[in-house]
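S.K.: Here's my sequence, what's the structure:
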Amino acid sequence: MGMSKSLYPSDSFEFAQRKKDHIELTHQSKTAVSTVDDRFNYEPLFFQHPTESEVWSTNFLGFNLDYPVWVSSMTGGTASAKTINENLAKLCGEFKLGMGLGSCRALLDSKERLSDFAVRKFLGNQPLFANIGIAQLAELLNSHNLLKLEEVIKAVEADGLIIHINPLQEWFQPGGDRFSLSPLVTLQRSLDKISYPVLVKEVGQGFGPKSLNALLELPIAGIEFGAYGGTNFTLLESLRDSESSAYRAPFINVGHTASEMVEMINALPYRQKQFIISGGMNSPLDAFELKTKLKAPSVIGMASAFLTPAQTSYDELKLHFLMMRESFLVARNLLELKDRP
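M.R.: Below you'll find the model as predicted:
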């Protein structure tokens, strides 16, 4: 494909103004050597600008995605959840992404808020996973009522289940659940009674190496990082609690970053698991780096980045995604991750 013609001819006002800007902004446009992003080799000789129809085809959990992007679990059971979830599902349907629902706890005992989660009609055949907390899984296990989970999955027409692990959040949360069994024991005792695919995620602290290794040995489909550096639900609960103890506060800052977790997984046998890299990625370059670095199959999980535009309108959310998509494709077409010793 050849070079496209310039938008403005050389005798146009716009061309002259651009050249004038170049002269006036030259001194403001100097970059210090210390600011270079040295994670990548920059390869302009092999670059083509992304087209509107260009995709980054990815197979994840047996589903075909047009882009390696997963809309991570956010909300459910509130007045605004229906609009947010519908807009997110429309995005996933139009651009062939995957989606995790927010906590479906409200549906365990009542289908009153089912419309908040009833988004399958917007996704088509794209992957949709329900979501429940480890504390609720423990309750259902102890009451021999795991069938309720299958009923929820059928009600929302989900393809599987995400179980979120959140002991620090529960400790900080006023009236939070208390675990009499460790999350690992609850998972071990539950998974052989579950027939649908399961993902396990954290909620802002990530997982350490022993936890990752234990998860990799379980019969689950994959792991979502929920790493430190993004939305942290332990911090969120401390902000909700005006009487939160100063003795608890230091625990907010423990955890593992997405970069650290990539290194951990690369050092472990990943046993055919797949991964959603989420938490603390501040730019498309961060996401591109971590996806490229992780040796196992993966997608990029996004939550808070989508939340504000999803609350505004679908058009705003779509525009936000298109800008993000373009940046991902430019990174893929222009950069290579440097080899590190």
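
S.K.: What ranges does the stretch 201-341 of the chain have for its helices?
M.R.: In order along the chain, the stretch 201-341 of the chain carries the following helices (DSSP state H, counting those that start in this stretch): 209-216, 233-240, 258-266, 284-293, 304-312, 314-334.

S.K.: and residue 250, how many neighbours?
M.R.: Counted by other Cβ atoms under 10 Å, the residues lying close to residue 250 total 8. All C-beta atoms are positioned from the backbone trio N, CA, C, and that covers glycine.

S.K.: So for stretch 115-130, what gets flagged as buried?
M.R.: By neighbour count with 16 or more other Cβ atoms under 10 Å, stretch 115-130 contains the buried residues 116, 117, 118, 119, 120, 122, 123, 126, 127, 128, 129, 130.

S.K.: ok, of these, which one's closest to residue 316?
M.R.: Minimum separation from residue 316 among these (Cβ to Cβ) is found for residue 122, which lies at 16.5 Å.

S.K.: Hmm, residue 95 and that closest one touching each other?
M.R.: No: with contact defined as Cβ atoms under 8 Å, residue 122 does not count as touching residue 95 (11.9 Å).

S.K.: Overlap in contacts, these two.
M.R.: The overlap between the contact sets of residue 122 and residue 95 (Cβ atoms under 8 Å, 6 or more residues apart in numbering) is empty.

S.K.: Contact partners for residue 169?
M.R.: Contact criterion Cβ under 8 Å, 6+ apart gives 176, 203, 204, 233, 234, 236, 237 as the residues in contact with residue 169.

S.K.: got JSON lines for those residues, with distance to residue 278 and pLDDT too?
M.R.: Rendered in JSON lines, the data for those read as follows (distance: Cβ to Cβ, whole Å; pLDDT from 0 to 100):
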{"residue": "176", "distance to residue 278": "22", "pLDDT": "83"}
{"residue": "203", "distance to residue 278": "10", "pLDDT": "93"}
{"residue": "204", "distance to residue 278": "10", "pLDDT": "92"}
{"residue": "233", "distance to residue 278": "13", "pLDDT": "82"}
{"residue": "234", "distance to residue 278": "16", "pLDDT": "87"}
{"residue": "236", "distance to residue 278": "16", "pLDDT": "86"}
{"residue": "237", "distance to residue 278": "19", "pLDDT": "85"}
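
S.K.: who wins for neighbours among the residues you listed?
M.R.: Neighbour max across the contacts of residue 169 (other Cβ under 10 Å) = residue 234, 26 neighbours.

S.K.: correct me, but it touches residue 172?
M.R.: Yes: Residue 234 is within contact range of residue 172, at 5.2 Å (criterion: Cβ under 8 Å).

S.K.: Identify the contacts common to the two.
M.R.: Common contacts of residue 234 and residue 172, defined by Cβ under 8 Å, 6+ apart, comprise 251, 252.

S.K.: for the helix or strand containing residue 139, which positions count as buried?
M.R.: Residue 139 belongs to helix 134-142 when assigned by DSSP states H and E. Of the residues in helix 134-142, those buried under the neighbour-count criterion (16+ other Cβ under 10 Å) are 134, 135, 136, 137, 138, 140, 141.

S.K.: rewinding a little: so which of the helices of the stretch 201-341 of the chain gets nearest residue 38?
M.R.: helix 284-293 (11.3 Å).

S.K.: tell me which strands and helices the closest one is in contact with?
M.R.: Where contact means 3 or more Cβ pairs under 8 Å, 6 or more residues apart in numbering; DSSP states H and E, helix 284-293 is packed against helix 258-266, strand 274-277, strand 298-302, helix 314-334, strand 335-337.

S.K.: Now distance to residue 44 too, for these, in JSON lines please.
M.R.: As requested, these are exported to JSON lines (distance: least, Cβ to Cβ, whole Å):
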{"stretch": "helix 258-266", "distance to residue 44": "26"}
{"stretch": "strand 274-277", "distance to residue 44": "27"}
{"stretch": "strand 298-302", "distance to residue 44": "24"}
{"stretch": "helix 314-334", "distance to residue 44": "7"}
{"stretch": "strand 335-337", "distance to residue 44": "10"}
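
S.K.: what would these look like in CSV with mean neighbour count, distance to residue 47 and mean pLDDT?
M.R.: Shown next, in CSV, are those (neighbours: other Cβ atoms under 10 Å; distance: least, Cβ to Cβ, whole Å; pLDDT from 0 to 100):
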stretch, mean neighbour count, distance to residue 47, mean pLDDT
helix 258-266, 20, 26, 97
strand 274-277, 24, 25, 98
strand 298-302, 25, 21, 97
helix 314-334, 17, 5, 97
strand 335-337, 16, 9, 97
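
S.K.: for those, which one sits closest to residue 152?
M.R.: Shortest separation from residue 152 across these is recorded for strand 274-277, at 20.6 Å, computed as Cβ to Cβ.
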